[in-house]
Structure formats: structure tokens, C-alpha cells
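[1] curious how this folds, go ahead:
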Amino acid sequence: MTRKERITELDLIRSFAFLAVVYQHVIGVYMRKPGVDEQTAIIYGMLFHLLKFAVPAFIFMTGLVLFYNYYERIHYPSFIRKRVTEILVPYGIWSAIYLALQPKPWRAEGETVWVIFKSIMTGTASYHLWFVVMIFQFYLLYPLWQRVFRAVRDFASNQTRVVISIGIIGLLYGSLVWFSARYIPTHGFRFDVAWLDTYWIKYRDRNAFYYFFYFLMGGLAAVTLAQFRQTVKRQWLWICTGFVLLYGYIGYELFRDSGHGMINLNVATSLKPSMFLYTVAQLLLVYGLALWIGKWKGSKWFALLGKYSYGAYLIHALVLTYLMKGLTALQIFHTSLLGSFVAFLLCSLLSFAISYGLGRLPFGAWLVGAAEKKRKADPGQQKELPHAG
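    Numbers count the residues shown, from 1 in each chain. Next comes the predicted model:
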């Protein structure tokens, strides 16, 4: 059997998503600076919306990679063992580092154990680690998603049924995010059963089921890869038009729902219907950009960043913390829109450099995941891409 092609555009998308995450967090820091005027806050809000594709993009890529490599068969014990080594071990190490650097409000030994356990299980050792807890659920439950996807694909035997399937899944997902963004806050909905309430209500931002559409969208791209690429290229004008219109609408929502005074970035949650439609358009737009930029020789630098993006993601919050301390101490670039851009560039470069350096060590995969690790060739199956999370 022939070997599957490597999907080179994914490394580019992965790098774009990482850079978007970094600038989102930089904006969060600079928005809290005293003296931010309304005009600057509006610009931050507009930029923030442009960067919101990051988490859905990682989920989309995870679905694409898994369905591309494991659509037909999967040996679950070795599959999940590999993900524990490459995702959870680095996550656990960096969680421990972030916890060690935090002030210790707890005193009793039993309380310390509980705080550490809860932080690791919920991704609260640092503000960005929730994502790892969420994305790992897709790996953990992949056999379930595999069955769901196969059942949908079996039903979608012609073009009409494909449209019906996408429409039904879209409506289900739109209803779910409406439930999250509108119904729960308005009605104070809670479950009586503690674990249901914790997973589906309190920590719903890290519940993988609240992001399932992007995962299945990645699966659709995986099983129709050549057609998916051609469709993105062919429908480019419509994708751009939809993106611009939806970008304008969510900008209106940001002004409307922030109320009087400062722009409230919490309004820009991914878990609401308008952001769902906007994100789908933006993912298609970003995919098209990756296909186009991939033809440029300089794209190899983005690809390299993409390969080390998981480690850089784990590291960047720590880098940003100490970078801001340094800029504030020097009284340069610690405020203003220009300062946020400088901080973004420095944080991105330093995070990548540290991830790259650690990744070259013999035990680097334990610290930053597997970026370019050599693997034995599996006849009839593509050399697996590094995980998208």
C-alpha cells in the first residue's frame, strides 16, 4: 500500500494558532494596564476577535490528524499510551512548575495534595493550561468519535445527505453553545448531581463536547482532503465575504454587550452561536492562507514554529510573566498598543527558542512533546503527524 502524504499546511496553521494565542494573552495583560483609553480598548477588542480562531484551529487539526491516521483502525492501548507520554507528561511537568511558582495559600498537608490534584485535573495551575485538559478528552474518547463519524459518513451517501448531515450537526452544536452562552447565565441552570454540574456547567469551557463541531469538521477535511483543499480555493471569495460580514456582526455584539465603559473581552467567548459561525468561516480562511503561504520559501520558518508549538504553548505564560516584569522595570514597551506588539514578538520568539532548545535534549519529548521524533515506518500508513494540541 502507498504511504499517505504529509499534510504540510498543518504546521503552518499550528504556528498561526500559537501566535494568535500568545497575542490574545498579551492583549489580556495590556488591557488591564491603567490609563487604557477607549480608542485603544476598541482596537484591542477588534484584534482579539481576529485571534479567536486559535483554540478551534487546534481542535480542527486534532480531528484532521486523528481521522487521517486512524479512520480505519486503532490499537487503543498503544494509541493512548503515546498521547500520555507526549501530551500529559509535559503538561504535568509544567503544571508542577507553575504551581511551584505560585504563592501557597494552603497550610495543611492534605490541602496541598488536594490543590495540586485539582489544579492538574482542571488545568488551573496556570490560566492557559485548561486547553490541554480539554483537548486530551478528544484523544481519550477517540473511539467514540470514530464511531459517531463513521455512522454519519455511512448515512451521508450522496450530496443531499451530506448537506443534511452538516446542517443537523450544525444545529445541534449551535443549540449547545446557545445553551452555554444564553440559557445557563439567564436561568442560572445547574445540575443536582455534582459531577454533572462540574463537567457540564462550572467547567464547561474545558469540556470537549462543547467544541465537538470543530473536531468533526477536521474529520470531514481528513476523509475528503483533496476535495476540501479545492473547495477552499474555489470558494475563496465567498469565504472572505462571509468572514467580513460575521466579523462586523461580532464586533457589534462586543460593543452592545460590553455596556458602557471599557470593552469586555469576556463577551468574545467562542461558546456562542455568532462566534460559532464566525469561527467556521475564519478556519476556512486560515486554511486557505496556509495553502497559499505554503508556496512561499519563507514558510519553512512558520512550519518549524508549528512543530515546536506545543512546548512553546506550555512555556509562553511563564515567559510572558517575566517578560512583563522586565519591561515594567525598564519602563519600556510596558504600555501602549506598540508595546503590546513588541511584547508579543518577544514572548513568541523566546517561547519558541526555549521549546526548540529543550526539544533537542535526549529527554526533550517529556518537556515539550514530540516535535520531530523519528518513528518506525508503518507499511500502509502515513508517518503520523505530531499531535495538533
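[2] so where's the stretch 101-250 of the chain uncertain?
    105-110 (pLDDT under 70).
[3] residue ranges of the helices in it, please?
    Secondary structure of the stretch 101-250 of the chain (DSSP state H, counting those that start in this stretch): helices at 109-122, 130-140, 142-155, 159-178, 184-187, 194-197, 212-223, 225-234, 236-258.
[4] got the buried residues for the first one?
    Of all the residues in helix 109-122, those buried under the rule 16 or more other C-beta atoms under 10 Å are 115, 119-120. (Each C-beta comes from the backbone N, C-alpha and C, glycine too.)
[5] got it, and the fourth one?
    Of the residues in helix 159-178, those buried under the neighbour-count criterion (16+ other C-beta under 10 Å) are 162, 165-166, 169, 173-174, 176-178.
[6] which strand or helix spans the residue nearest the centre of the chain?
    A centroid search over the chain (C-alpha atoms, centre = their mean) returns Val55, at 2.2 Å, as the residue closest to the centre. Assigned by DSSP states H and E, Val55 belongs to helix 54-70.
[7] tell me the mean pLDDT for the next helix or strand along the chain from that helix?
    The helix or strand immediately downstream of helix 54-70 is helix 76-83, counting by DSSP H and E. Taken as a whole, helix 76-83 has an average pLDDT of 95.
[8] using CSV, write out every CA atom in helix 76-83.
    What follows is helix 76-83, C-alpha atoms only, in CSV (Å, rounded to 0.1, in the frame of the first residue of the first chain):
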residue,chain,number,x,y,z
TYR,A,76,-6.2,1.9,21.6
PRO,A,77,-3.7,0.9,24.4
SER,A,78,-0.7,2.0,22.3
PHE,A,79,-2.6,5.0,21.0
ILE,A,80,-3.4,6.4,24.4
ARG,A,81,-0.1,5.5,25.9
LYS,A,82,1.6,7.6,23.2
ARG,A,83,-0.6,10.5,24.0
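[9] elements contacting it?
    On a contact count with 3 or more C-beta pairs under 8 Å, 6 or more residues apart in numbering; DSSP states H and E, helix 76-83 meets helix 130-140, helix 142-155.
[10] how does it look with 7 Å?
    The contact analysis (3 or more C-beta pairs under 7 Å, 6 or more residues apart in numbering; DSSP states H and E) places helix 76-83 against helix 130-140.
[11] okay, buried residues for stretch 27-38 please.
    By 16+ other C-beta under 10 Å, the buried positions in stretch 27-38 come out as 27, 29-31, 36.
[12] just these now: which is nearest Trp296?
    Ile27 (27.4 Å; C-beta to C-beta).
[13] mind checking which helix or strand the closest one is in?
    helix 9-31.
[14] by how many degrees do whichever helix or strand comes after that helix and helix 9-31 diverge?
    Of the helices and strands lying after helix 9-31 in sequence (DSSP H and E), the nearest is helix 38-50. Interaxial angle, helix 38-50 versus helix 9-31 (axes from the mean of the first three to the mean of the last three C-alpha atoms, to 10 degrees): 160 degrees.
[15] for the record, mean pLDDT for helix 38-50?
    93.
[16] angle of that helix against helix 236-258?
    Going by the same axes, to 10 degrees, helix 38-50 makes 130 degrees with helix 236-258.
[17] identify each buried residue in helix 38-50, please.
    Quick answer for helix 38-50 (16+ other C-beta under 10 Å): 40-42, 44-45, 47-49.
[18] what does the helix holding Ile27 rub up against?
    With C-beta atoms under 7 Å, 6 or more residues apart in numbering as the test, helix 9-31 has contacts from 41, 44, 47-48, 51, 53-54, 57-58, 61, 64, 128, 265, 286-287, 290-291, 293-294, 299, 302-303, 305-307, 309, 312-313, 316-317, 320, 324, 339-340, 343-344, 347-348, 385, 388.
[19] go again using 6 Å as the cut-off
    44, 48, 51, 54, 57-58, 61, 290-291, 294, 302-303, 305-307, 309, 312-313, 316, 340, 343-344, 347-348 (C-beta atoms under 6 Å, 6 or more residues apart in numbering).
[20] ok now that helix, how far from the chain's centre?
    Counting by C-alpha atoms, centre = their mean, to the nearest Å, helix 9-31 is centred 9 Å from the centre of its parent chain.
[21] what do you get for stretch 174-193?
    23 Å.
[22] kindly report the same for stretch 76-91.
    Between the centre of stretch 76-91 and the centre of its chain there are 18 Å (C-alpha atoms, centre = their mean).
[23] next: stretch 223-239.
    22 Å.
[24] over to stretch 88-100?
    Counting by C-alpha atoms, centre = their mean, stretch 88-100 comes out at 19 Å from the chain centroid.
[25] what is the rounded mean pLDDT of it?
    For stretch 88-100, the per-residue pLDDT averages 95.
[26] one more: stretch 275-287?
    Stretch 275-287 comes out at a mean pLDDT of 97.
[27] can you check stretch 4-15 too?
    Stretch 4-15 carries an average pLDDT of 91.
[28] mind listing what's buried in it?
    For stretch 4-15, by 16+ other C-beta under 10 Å, it's 7, 9-15.
[29] tabulate the residues you listed in TSV, adding columns for distance to Cys240.
    Formatted as TSV, those follow (distance: C-beta to C-beta, whole Å):
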residue	distance to Cys240
Ile7	23
Glu9	18
Leu10	22
Asp11	23
Leu12	18
Ile13	17
Arg14	22
Ser15	21
